[in-house]
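> heads up, no residue letters with this:
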């Protein structure tokens with residue numbers, strides 16, 4: 001019985017050490033990402049280059065010379081560039097924008113009604129969108 005309890009205590013200590021180690025950054029990653037830490041993460045309309053791996057395993061580059069708008073739908077509200085916006089303001093912004101544009105829709109506990117209204121607006125304006 002004492003052996004079983006000792007074994008359980010040792011396993012709990014090992015599991016705790018591993019958990020604490022991962023929280024302190026002792027994980028497998030090396031932290032050498034390619035970003036420079038600038039920017040807010042939203043599209044600015046500047047050229048965007050995406051590296052895509054195709055099924056053959058080789059890497060290709062697709063160039064997109066348009067604006068990318070990251071819009072978040074949170075409950076019944078819309079956010080772009082960390083600012084709450086009305087659907088009418090989003091429509092105005094997209095209509096005034098020249099050239100190609102893509103909207104990245106991010107859902108954060110969105111109501112179905114608010115989400116569908118944004119999708120209907122984008123389809124009505126013939127703006128391409130991706131759901132993240």
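Structure received. Note that the structure is predicted; figures quoted are calculated from it, not measured. Numbering: from 1, shown residues only.
> C-alpha only now, for contacts and for neighbours.
Will do.
> Please name every helix or strand in contact with the lengthiest helix in the chain.
Longest helix in the chain by number of residues, with DSSP state H as the criterion: helix 2-23. Counting contacts by 3 or more C-alpha pairs under 8 Å, 6 or more residues apart in numbering; DSSP states H and E, helix 2-23 is packed against no other helix or strand.
> Pull out the buried residues from that helix.
Of all the residues in helix 2-23, not one is buried under the rule 16 or more other C-alpha atoms under 10 Å.
> Return the helix or strand in the chain with minimum mean pLDDT.
When the helices and strands of the chain are scored by mean pLDDT, DSSP states H and E, strand 48-53 comes last with a mean of 44.
> same question for the longest helix of the chain, mean pLDDT?
For helix 2-23, mean pLDDT is 81.
> What ranges in this protein fall below the confidence cut-off?
21-64 (pLDDT under 70).
> Specify the beta-bridge partners of residue 78.
For residue 78, the beta-bridge partners under DSSP bridges are residue 73, residue 85.
> residue contacts, it?
71-72, 84-87 (C-alpha atoms under 8 Å, 6 or more residues apart in numbering).
> out of those residues, which are buried?
71-72, 87.
> any idea which of those is the one closest to residue 104?
The closest of the buried ones among the contacts of residue 78 to residue 104 turns out to be residue 71 (C-alpha to C-alpha; 6.1 Å).
> by contact count, what packs against the host helix or strand of residue 121?
Element membership for residue 121, per DSSP states H and E: helix 112-125. Contacts defined by 3+ C-alpha pairs under 8 Å, 6+ apart place helix 112-125 against helix 87-96.
> Show residues contacting the helix it packs on.
Residues outside helix 87-96 that contact it (C-alpha under 8 Å, 6+ apart) are 78, 118, 121, 125.
> Which residue is the nearest non-sequential neighbour of the second one?
The spatially closest residue to residue 118, leaving aside those adjacent along the chain, is residue 87, at 7.2 Å (C-alpha to C-alpha, 6 or more residues apart in numbering).
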